[in-house]
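S.K.: Kindly generate the corresponding structure for this input.
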Amino acid sequence: MPDDRPRPVIDPSLPAAERALLAAAPEHLVAASLPPPPAPRLSPATIAARLIWIPVFAFFYGVLPGGWIRLFFLASLDDDDLLSGALRWGRGAVLAMLAVPVVQVSLLLAGQPEVAAALATAGFAGWTVGALRHLREPAPARVARELHGRYLLPADFDRPAARLLVRAQRAIDTVLNSRSQAAGLLDAIDNTAELPRQEWAIASALAEHTRLRRERRAQQPDRLSAPVRALLEPQRRALDLSVRSITDRIEALESYARSAQAADEAYHEWRVLRVLPDQNARYRDLLAGTVRDTLAVDVIERLESDARRAEAVLRARIASAVDTGQELSTGPPHPTS
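M.R.: The predicted structure is shown next:
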């Protein structure tokens, strides 16, 4: 992640399916500081054209026995990739195009024209529905439009806000990617739920800071008289206080990340030393052949003591990290004004 470019932030209170759609299609997202994307509108000419070509399309591929042949040869002449053109409708559609003509001809030869007609009607209806599904607004675009403002993009942050958000995101990533987190040592705090809430709260406040600073720049304070600037001074102080509050929250996140890193180091040492009891027997055999027994026992006891001490350090560092995280999760960032 670039130093001054944060990743998009999505409101964690949204349903998981909607968050997944937003994350998977960033090209549809529009910054909250910009107008929301308009809903798709159809012109009368487009509606009239679809009323003509959709039935023709459905009749050709759903009713005519030879329609599937034309698909292979004309669907993708633009990129000279005939197979992908056929498969863009999915395996079910391709299998239907292959099987329906054979069944239709077989029914006609067997003297069952009514059944063949019913099959043709079903094919027509199926391809009509398929065409309509392809024409509707893609789900990612619809969700991005309907949930505009429930996600924040890099364009929603000026440089000071972006730098602070990057710091917060790095701290969050450090905790979530830590070995202590993966091992469940920090499970006194639900980091996978709490830290995204912290990220969203911080990002929302920083986006508001950005909007207020942009409004202030648009006022061109240097062109205002001293009395008017004095009237605006309380607004500046309120913004500064809010920035300080959010910075404190980010510093708390960074402190939590450092605690998690310290716990990682202790966890690594503990994993190395916890195998000492199994290794001691081998060392005992080694020392017994070269050193007096009393000295061998003394060395082994020191090794075991180191292992116990490492475990105590691990427990202390885990407790420190958990305490830091619990302090962090006691409440949301202070309001922006």
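
S.K.: quick one: average pLDDT of stretch 183-203?
M.R.: This predicted structure assigns stretch 183-203 an average pLDDT of 85.

S.K.: do the same with stretch 14-25
M.R.: The pLDDT scores in stretch 14-25 average 93.

S.K.: ok, and what's touching it?
M.R.: Stretch 14-25 has contacts (C-beta atoms under 8 Å, 6 or more residues apart in numbering) with 8, 10-12, 29, 138-141, 143-144, 147, 150-151. (Glycine included, C-beta is placed from N, CA and C.)

S.K.: can you pick the most crowded of those residues?
M.R.: The most crowded member of these, judged by other C-beta atoms under 10 Å, is Y151 (25 neighbours).

S.K.: wait, what's in contact with it?
M.R.: Neighbours of Y151 in contact, by C-beta under 8 Å, 6+ apart: P8, V9, I10, D11, L22, L29, A32, A144.

S.K.: let's see 10 Å
M.R.: By C-beta atoms under 10 Å, 6 or more residues apart in numbering, Y151 lies in contact with 8-11, 14, 18-19, 22-23, 26, 29-32, 143-144, 200, 203.

S.K.: Do you have the strands of the stretch 51-200 of the chain handy? List them.
M.R.: With strands called from DSSP state E, counting those that start in this stretch, the stretch 51-200 of the chain shows them at 151-152.

S.K.: residue ranges of the helices in it, please?
M.R.: Assigned helices in the stretch 51-200 of the chain, in chain order: 67-74, 82-87, 91-109, 113-135, 139-146, 159-176, 179-182, 191-218 (criterion: DSSP state H, counting those that start in this stretch).

S.K.: Likewise for the stretch 201-337 of the chain?
M.R.: 226-273, 276-288, 293-328.

S.K.: And the longest one, what does it pack against?
M.R.: Applying 3 or more C-beta pairs under 10 Å, 6 or more residues apart in numbering; DSSP states H and E, we find helix 226-273 packed against helix 159-176, helix 179-182, helix 191-218, helix 293-328.

S.K.: and that helix, average pLDDT?
M.R.: Across helix 226-273, the average pLDDT comes to 85.

S.K.: same question, stretch 28-48
M.R.: For stretch 28-48, mean pLDDT rounds to 82.

S.K.: ok, and for it, which residues are buried?
M.R.: H28, L29, V30, A31, A32 (16 or more other C-beta atoms under 10 Å).

S.K.: Format the residues you listed as CSV; extra columns: distance to L186 and secondary structure.
M.R.: Output for the buried residues of stretch 28-48, formatted as CSV (distance: C-beta to C-beta, whole Å; DSSP: H, G, I helix; E, B strand; the rest coil):
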residue, distance to L186, secondary structure
H28, 35, helix
L29, 31, coil
V30, 36, coil
A31, 34, coil
A32, 32, coil
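
S.K.: quick one: which two of these are the most distant?
M.R.: Greatest spacing in the buried residues of stretch 28-48, by C-beta to C-beta: H28 and A32 (14.0 Å).

S.K.: mind checking which helix or strand D4 is in?
M.R.: Assigned by DSSP states H and E, D4 belongs to neither a helix nor a strand.

S.K.: Could you count how many residues lie near it?
M.R.: The burial count for D4: 12, using other C-beta under 10 Å.

S.K.: who are the neighbours in contact with the nearest residue to H268 once chain neighbours are set aside?
M.R.: Counting by C-beta to C-beta, 6 or more residues apart in numbering, H268 lies nearest to R179, which is 7.2 Å off, once chain neighbours are set aside. By C-beta under 10 Å, 6+ apart, the residues touching R179 are L185, A260, Q261, A263, D264, E265, Y267, H268, R271.

S.K.: Spell out which residues make up each domain of the protein.
M.R.: Taking automatic domain parsing as the domain assignment, the ranges for the chain are 44-136, 157-328.

S.K.: show me the contacts for D222.
M.R.: For D222, the contact set (C-beta under 10 Å, 6+ apart) comprises R229.

S.K.: closest to E254 among the buried residues of stretch 28-48?
M.R.: Proximity of the buried residues of stretch 28-48 to E254 (C-beta to C-beta) peaks at A32, which lies at 25.7 Å.

S.K.: quick one: that closest one from A99, how far?
M.R.: 50 Å (C-beta to C-beta, to the nearest Å).
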